[in-house]
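In: let's see this in three dimensions:
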Amino acid sequence: MFDSRRRRAGSGRTVMLTGPDRHWVLVRVRRRDRLWAAARSLTLDRQIARGEPADADRLRAVRAEVLVDPHTRDELAAAWQAVLDEAGRPPELRTSISSSRVPVPRGRVLAAADDIRGLITALRAARPAPARGVAIANLLLTDGAADLYGSGRRDLRAAVREAEHFLDPCALPLVDS
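Out: Numbers count the residues shown, from 1 in each chain. Model (predicted):
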């Protein structure tokens, strides 16, 4: 959903990678890089969400560039708003947005509504956002095994807070307590 297939085809775009000598290298993004990154978006998002450095892999760097793009972040924020709107409707008026989607778990979403609103605000913020936070927010929506749908190992509120935490450019890694 958020692989930005509608993204402007930016010929001449480059990404920064760490070279073998630990120096930064500017690398031209090829069309096939963008296609492979889109095709592997779920896998790449998982890697980025785990904190694997985007600058160590060409496809991760391309995917990270897509994730931090303001257009992608705005689309993701709108999708989270749609989840909130759907959960807020009475059961008899819920449309399940599209019959092909997994139904929104109303109770889980309503319990995390304040945190989700914070996440939406962070996604729409004018400041730069680290790819890790955007990847986490995207995975929560697009991965059927994620915490949103009750398949994950954590409470949805904790998962949303983690995404919001990593949307802060100054965020330090979270420590399990």
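
In: only C-alpha atoms from now on, for both contacts and neighbour counts.
Out: OK.

In: ok, and the closest non-adjacent residue to residue 63?
Out: Sequence neighbours aside, residue 37 is the residue nearest to residue 63 in space, at 5.6 Å (criterion: C-alpha to C-alpha, 6 or more residues apart in numbering).

In: packing partners for the helix or strand harbouring the one you found?
Out: When secondary structure is defined by DSSP states H and E, residue 37 falls within helix 31-39. When contacts are defined as 3 or more C-alpha pairs under 8 Å, 6 or more residues apart in numbering; DSSP states H and E, helix 31-39 sits against helix 58-68.

In: can you state the direction angle for the helix it packs on and helix 31-39?
Out: Put simply, helix 58-68 runs at 70 degrees to helix 31-39, going by axes from the mean of the first three to the mean of the last three C-alpha atoms, to 10 degrees.

In: just the CA trace of helix 58-68, in CSV.
Out: The C-alpha atoms that make up helix 58-68 are tabulated as CSV, following Å, rounded to 0.1, in the frame of the first residue of the first chain:
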residue,chain,number,x,y,z
ARG,A,58,21.3,-0.2,-1.5
LEU,A,59,17.7,-1.4,-1.4
ARG,A,60,17.2,-0.5,2.2
ALA,A,61,18.5,3.0,1.4
VAL,A,62,16.1,3.3,-1.5
ARG,A,63,13.2,2.1,0.7
ALA,A,64,14.2,4.5,3.5
GLU,A,65,14.1,7.4,1.0
VAL,A,66,10.6,6.4,0.0
LEU,A,67,9.5,6.1,3.7
VAL,A,68,10.7,9.5,4.8
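
In: for the helix or strand following it, packing partners?
Out: If you walk from helix 58-68 toward the C-terminus, the next helix or strand you reach (DSSP H and E) is helix 70-88. On a contact count with 3+ C-alpha pairs under 8 Å, 6+ apart, helix 70-88 meets helix 106-111, helix 113-124, helix 131-142.
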